[in-house]
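Visitor: Pasting the sequence and the predicted coordinates here, then a few questions.
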Amino acid sequence: MLTRLRTSPWVRVLLALVALAFLGWGVATNWDATSKALADMSVWSVVAALGAVLAGQQCMLLAWRRVMAGLGTPMRVGVAGRIMFVGQLGKYIPGTVWAYAAMMELATKHGSPPRRTFAVISLGLVINLGVALTIAAATAQQAFAGARWLMLLIPVIIVCLHPRVLTWGLNLALRLARKEPLESVLPGRALLVAVGWTTLGWACWGLHVYLLGGGAYPLSTGAFAFAWATGLLAFFIPSGIGVREGALVAAIGPLIGVPAALAIGIVSRLIFTLSELIMAALYFFVLGRQRSSSTSTYDDQNGSGSTALTPDRSSSGTPGS
């Protein structure tokens, strides 16, 4: 019964509506000040913030592409972008597997077996989350009053980002789920490059909050990293909607005012949604038409073409119940 409630798309929609209701209540309570904060935002600052988010999205793509290459499937940027940005639109659909399934389906056409793509997506999320929490911890004194304990997370995160520890953790989860383990360990060089691009991406994403009036740059970056990580961990709510905004208000509201923080949270959500649509359209219609240099099949001597990591599927190829 509990499992059905956790996985039911209707429950996820209901939780998203509840989160939005709390966000709406906060906006309504501070309506006059929040509407004034929105009106006071410069159009150019919003445009510049959109540019910063788009730059960050491109950095995250380069990190994701490096992980994919490190696990055995090198791809051109255009192909990787089409897989990542078009596929991740599935996260807006209630359910737990749509973004994974879409990205795996697209990647199979460019030489990446489903199980490997599953591993790349999972490792990419872990790296992104690790970098976000590290940034939040490193800026704890500026962004979170009384949260210096977050500094203790830094050595833990560094250890957890070691390639062998990453692989061990993911393989443990896969064994518990009765799935096949990873084919190989992500090389250390590939991990360092991916972490570098991810960190640069976070520098851009922090800049967008700063441009919207989030306070000092370290504060803006750390607060948004904390808010994003909170929204990601609230996986039972589609795209963490409402949760991320609430966490951002909790982080910077005491310093810049709750109405201003609410305005930034709302505009930030709209900017990210628009940026994801722009990147998906750009790579689907313009940059993603090129073919990968890899083969279109994914059978090899190690059996990497196994679909053991894919969601259950019916004979028609669509996700099963």
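Guide: Received it, and whenever you're ready, just let me know what you need.
Visitor: Mind giving me the packing neighbours of the helix or strand harbouring residue 69?
Guide: Assessed by DSSP states H and E, residue 69 sits inside helix 43-70. Here helix 43-70 touches helix 77-81, helix 114-138, helix 188-211, helix 258-282, going by 3 or more C-beta pairs under 8 Å, 6 or more residues apart in numbering; DSSP states H and E. All C-beta atoms are positioned from the backbone trio N, CA, C, and that covers glycine.
Visitor: outside of the next helix or strand after the third one, which residues touch it?
Guide: Meaning helix 188-211. Using DSSP H and E, the helix or strand that follows helix 188-211 in sequence is helix 217-233. Here helix 217-233 makes contact (C-beta atoms under 8 Å, 6 or more residues apart in numbering) with 125, 128-129, 131-133, 135-136, 138-140, 142-144, 202-203, 205-210, 214-215, 237, 239-241, 243-245, 247-248, 251-252, 255, 265, 268.
Visitor: ok, and for helix 217-233, which residues are buried?
Guide: Using 16 or more other C-beta atoms under 10 Å as the test for burial, helix 217-233 gives 217-232.
Visitor: could you give me the average pLDDT of the helix holding residue 69?
Guide: Helix 43-70 comes out with an average pLDDT of 94.
Visitor: Now do that helix and helix 188-211, the angle between them.
Guide: Counting by axes from the mean of the first three to the mean of the last three C-alpha atoms, to 10 degrees, helix 43-70 points 170 degrees away from the direction of helix 188-211.
Visitor: Show me the shaky parts of the stretch 101-250 of the chain.
Guide: Across the stretch 101-250 of the chain, the ranges flagged by pLDDT under 70 are 140-151, 173-174, 177-179, 183, 235-240.
Visitor: one more time with 90, if that's ok
Guide: 101-127, 129-130, 133-188, 213-216, 219, 226-227, 229-250 (pLDDT under 90).
Visitor: Would you mind measuring from residue 90 to residue 283?
Guide: Using C-beta to C-beta, to the nearest Å, we find residue 90 at a distance of 15 Å from residue 283.
Visitor: of these two, who's got more company?
Guide: Using other C-beta atoms under 10 Å as the criterion, residue 90 and residue 283 rank with residue 283 on top: 22 against 16.
Visitor: ok, that one touching residue 88?
Guide: No. Contact criterion C-beta atoms under 8 Å: residue 283 and residue 88 do not qualify, at 11.1 Å.
Visitor: so what sits against both of these two?
Guide: With C-beta under 8 Å, 6+ apart, residue 283 and residue 88 have no common neighbours.
Visitor: Show the contacting residues for residue 204.
Guide: 52-53, 55-56, 59.
Visitor: what do you get for residue 58?
Guide: Per C-beta under 8 Å, 6+ apart, neighbours of residue 58: 201, 279.
Visitor: And residue 120, by the same measure?
Guide: Counting by C-beta under 8 Å, 6+ apart, the residues that residue 120 touches are 64, 67-68, 71, 73, 112.
Visitor: same thing but at 7 Å, please
Guide: Going by C-beta atoms under 7 Å, 6 or more residues apart in numbering, residue 120 touches 64, 67-68, 71.
Visitor: do you know how far it is from residue 135?
Guide: Computed as C-beta to C-beta, the residue 120 to residue 135 distance reads 22 Å.
Visitor: Could you do residue 102 as well?
Guide: In terms of C-beta to C-beta, residue 102 sits 28 Å off from residue 135.
Visitor: Same drill for those two, tell me which one is more crowded.
Guide: residue 135 (27 against 19).
Visitor: List the buried residues for the helix or strand harbouring residue 156?
Guide: If you go by DSSP H and E, residue 156 is part of helix 153-160. For helix 153-160, the neighbour count (16+ other C-beta under 10 Å) marks 153, 160 as buried.
Visitor: Switch the helices and strands packed on helix 43-70 over to a markdown table; also include distance to residue 167.
Guide: Below are the helices and strands packed on helix 43-70 laid out as a markdown table (distance: least, C-beta to C-beta, whole Å):
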| stretch | distance to residue 167 |
| --- | --- |
| helix 77-81 | 21 |
| helix 114-138 | 8 |
| helix 188-211 | 10 |
| helix 258-282 | 29 |
